[in-house]
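In: Got a predicted structure plus its sequence, pasted below:
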Amino acid sequence: MSIDRRQFLAGSVALLASPALAADRAELCRGALIDWHRLVLELVRHTATYSPPVASRAFAYVGIIAHECHVGLVPGPVTLAGQVHGLEPLPAPAPGLDPAAVLDAALGKAMVDFFGNTGPSGQGAMQAMARKLAGEIDRDLAPEIAAASRAHGLAIADHVWAWSQSDGGAVVENLGFPYDYTFGEDPSDWVPTSDIRIQQAPLLPNWGTNRTFAMPEAAACTVPAHPAFSTEPGTAFYEAAREVYDVSKTLTDEQKIIARFWSDDPMLSPTPPGHWVSIILQIAERDRLPAERTAAALAVNGIAVADAFIACWREKYIYNLIRPVTYIKRHIDPKWETLLITPPFPEYPSGHSVQSGAAEVALTAIFGENFAFEDATHEDDGLPVRRFANFREAAEEAAISRLYGGIHYRFACDEGLVQGRCIGAHAARLRTFA
Amino acid sequence: MRGAIAVLCSVALPALADPAVPAFIDETATSGLSTVYEGDWDYMVGGGVASFDCSGDGFPELFLSGGAGPSALYLNRSTPGGPLSFAKTEALTMDAVLGAYPLDIDSDGVMDLVVLRQGPNRLLRGLGDCKFGDATEAWGFDGGDAWSTAFAAIWEKGRDWPTIAIGNYIDRAAEDFPWGSCTDNWLHRPEGRSFAPPIPLTPSFCALSMLFTDWNRSGQWALRVSNDREYYKGGQEQLWHLDPGQPPRLYTEAEGWKRLRIWGMGIAAADVNRDGYQDYFLTSMADNKLQFLKDPASGKPDYADLAFKSGVTAHRPYTGDDLRPSTAWHPQFADVNNDGRLDIFVAKGNVAKMPDFAERDPNNLLLGTADGPFVEAGDRAGVASMGIGRGAQVVDLNLDGLLDIVVVNRWTPAEVWRQTGESAGNWVQVRLAQDGTNRDAIGALVEIRRGEAIERHEIASGGGHVSGSVGWLHFGLGEATSAEMRVIWPDGSEDPWLTLPAGSFQILRPGKPAEAWSPG
């Protein structure tokens, strides 16, 4: 689902038209969850710090906040405290609080906390969303209930925010690119792939040391060594690069669409982790999922994907592998150009593949095998809706898209999916409902 | 890549010698300029300055946009080589002005002004003696009701009335959710001696700069549009065909146009590598772009970005203690130090309070060199203001042959710097004048011989960041004591090569000898 203005306004009108009777409180809660997350996807796109790893972290915390807002207020949800690393028990709700007001206050605070560095348009949008939702949600609430509910929501957001500050990823300078960096000198080592000055050092080289959420540690799921680097034709490595080159010369229109559909470039899309959030929101709307179910899915998926970026980044900087664009220009065709822009960090494994494998396992655990869905994430950007029979199919397409784009060797896609599924299994084991 | 890039690669070698750094003194306090570009969210872009002579003395006046505050026209009271001095008038005190461009629309020899606004744009007809009257309706111009942020104009072949392109930004009513709300750009073509209803240039992607350019030397002007990726969806930089009598149409990937998505804020064009084709500097956030046509013979508008190799990414402050990425607005090529090499000035400033980007973001003065990349000299030259810059003009305000600089700032007064001291080289300034339509010869080409090479200048109306000039065209000459120059007029007629003495002002008319002119 693309977060366009038309849909935003349509959603707003729908909420305004809803009679705020007690029976509709759940609908208000559902609407607030969707609307705030629509805004999150937009803020990620328009806040320069939010490269994919940084975005994955924010999605995880916002998802956890949304989930914890329901704990103790509606039947079923159980806390993630004690299940994810470092999360202490959250404030317990007093009886009689309104879940919609709790959720709205918590997510509004989370926006300010996690997206305080967005630009003037993002700041204005956050304030406008807060005004709109508060007006709708509090309209038929007793003032003391509204106030107590909002206080509880703020307490949950504050609790999670405080927890987040110690994970190693709270401070991102220079958009994530280190001011100083020592490059490897081996012919297999990564080197910058663009002439963008700020990208002459790789993105977030220490991200792999961040605290994980559900997996025991970043090293709990690793990738095997890639084929031995070689420039000799006939070797596995050369042939892997040759495949990237050959595929680029014979791309079908469908393969080009697939490459662009999953490209999810930062600052031009909700990023790869946001793409999976978008999928969840589309399912939630299609199936009219209760807010607590959607929130749990956002939390678990967010955790899986955030862990995926941590573990993947650990591997990337262990292997520090040269990108296809560099290898091919050096050894096959100096004039070669990729379909997509190569991201500014080492190649192995493929980040898209790792995070998609993790999302696949997490979402399959929640929604089941052979759960079909449509994905209109990039409809506003001119890319068609794609249809998937299940999450595995989507994840595999996301992975192979990087080969089509000239970004990754096939082995980085394949092994990335395997690593991601390992990571996703840890998240899938989290208990979110009694 | 062929010759065009090969020449530039030679430019990218280490510098053999630093270029001469021009010296500027800040005369803001004594100049008489006092306009502030004011306003909140709906004035976060814009803030332009127009430079043109409306008094007939040859000295350029300045029109400064005031955003939510009043704009103002300042009469130039400077003397040749003297301190910069301006007298504020009440002639053009308008509200909601984002920028303006001078253009003699009705070709009566008196400069008119196109004013871009939050709300209806206005065409102001010059009445002489720096008086203006609103001719918007009389000229059939639909000013619309948008957030207008870009402009370009050209006389299409055979027309005696200009074609004007207006770029528009986001829907200003969409403050709560502005993303994806880019409004249509417009193409105002002539209908006799007035304007036809505007043609929407759809798709539109929140344009912040436009420029007509004959990118392939076909004699057919095309429209480049630089767009702000912050707000569009599915957008990119654009190049429009503008074939006579045909609807505008976009260049496509099949024609060689490559998708580029930046925070496009300003376009400047010049023949940097002296291959006869225009090169383009595009401002953005963090890295800026310097584009060179890869292969002119291919006929494809496929450009290489050589900003990094040319030392002009200007991606973060080069002085001060703020290392966050920069935000660049108005770019302009000019030979600021008169050494015969083109330099680049860039006005810088945070959008508002974007913590990911530098809040103390100095303007750039990137000096061209003979043998290496450009060299940053803004701080040494004295123009590294930390004001929140937007539009600007690099123009000789006191007609001494040394270029001066004026920058419009958000929330603080515009700044002006006078260049002083010894010039590093000689100069010549020319003004194009022709009878009939298009008096200022917009769309002409001026060629100047630089040793074995010829540097080709397109005389355009548009580009930059909501800022433009009509008037003296300045050329640095280095040690040369004369300039070899010729004009190709908008109708395609080619004048013979002229030898113009250094240190002079010359008026050039089609088929006639150069006419010397002196200020004062």
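Out: Yep, it's here. Residues are numbered from 1 along each chain as shown, chains lettered A, B, ... in the order given.
In: Phi and psi next, for the most centrally placed residue in chain B.
Out: Central residue of chain B (CA atoms, centre = their mean): B:Gly464, 3.7 Å from the mean position. Backbone torsions of B:Gly464, given as degrees, to the nearest 10, read phi 60, psi -160.
In: ok, B:Gly39 - contacts?
Out: Going by CB atoms under 8 Å, 6 or more residues apart in numbering or on different chains, B:Gly39 touches B:Gly67, B:Ala68, B:Gly69. In short, each C-beta sits where N, CA and C put it, glycine included.
In: So the first one sits against B:Tyr37, correct?
Out: Yes: in terms of CB atoms under 8 Å, B:Gly67 counts as a neighbour of B:Tyr37; the distance is 4.5 Å.
In: shared neighbours, those two?
Out: B:Tyr43, B:Gly46, B:Gly47, B:Arg410.
In: so who does the last one touch?
Out: With contact taken as CB under 8 Å, 6+ apart, B:Arg410 is in contact with B:Tyr37, B:Glu38, B:Tyr43, B:Met44, B:Gly47, B:Gly67, B:Gly349, B:Ala352, B:Ile388, B:Gly389, B:Arg390.
In: Across the sheet, point out what pairs with it.
Out: B:Tyr37 (DSSP bridges).
In: Nearest residue to the middle of chain A?
Out: Taking CA atoms, centre = their mean, chain A has its central residue at A:Pro273, 2.0 Å away.
In: how close does that one get to A:Val305?
Out: Computed as CB to CB, to the nearest Å, the A:Pro273 to A:Val305 distance reads 5 Å.
In: list the residues that contact both of the two?
Out: Here A:Pro273 and A:Val305 have A:Ser56, A:Phe59, A:Gln355 as joint contacts, going by CB under 8 Å, 6+ apart.
In: which other helices and strands contact the host helix or strand of the second one?
Out: Using DSSP states H and E, A:Phe59 sits in helix A:52-70. Contacting helix A:52-70 under the criterion 3 or more CB pairs under 8 Å, 6 or more residues apart in numbering or on different chains; DSSP states H and E are the following elements: helix A:25-46, helix A:99-114, helix A:143-164, helix A:271-286, helix A:291-319, helix A:351-367.
In: B:Val406: how many residues sit nearby?
Out: 27 (other CB atoms under 10 Å in any protein chain shown).
In: Which parts of the stretch 351-500 of chain B are helices?
Out: B:378-381 (DSSP state H, counting those that start in this stretch).
In: What parts of it come near chain A?
Out: Within the stretch 351-500 of chain B, the residues that sit near chain A (CB under 8 Å from any CB of the partner chain) are B:Val351, B:Ala352, B:Lys353, B:Met354, B:Pro355, B:Asp356, B:Phe357.
In: Mind putting the residues you listed into CSV with neighbour count?
Out: Formatted as CSV, these follow (neighbours: other CB atoms under 10 Å in any protein chain shown):
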residue, neighbour count
B:Val351, 21
B:Ala352, 19
B:Lys353, 12
B:Met354, 22
B:Pro355, 15
B:Asp356, 20
B:Phe357, 23
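In: Out of those, the closest to A:Arg286 would be?
Out: B:Asp356 (34.9 Å; CB to CB).
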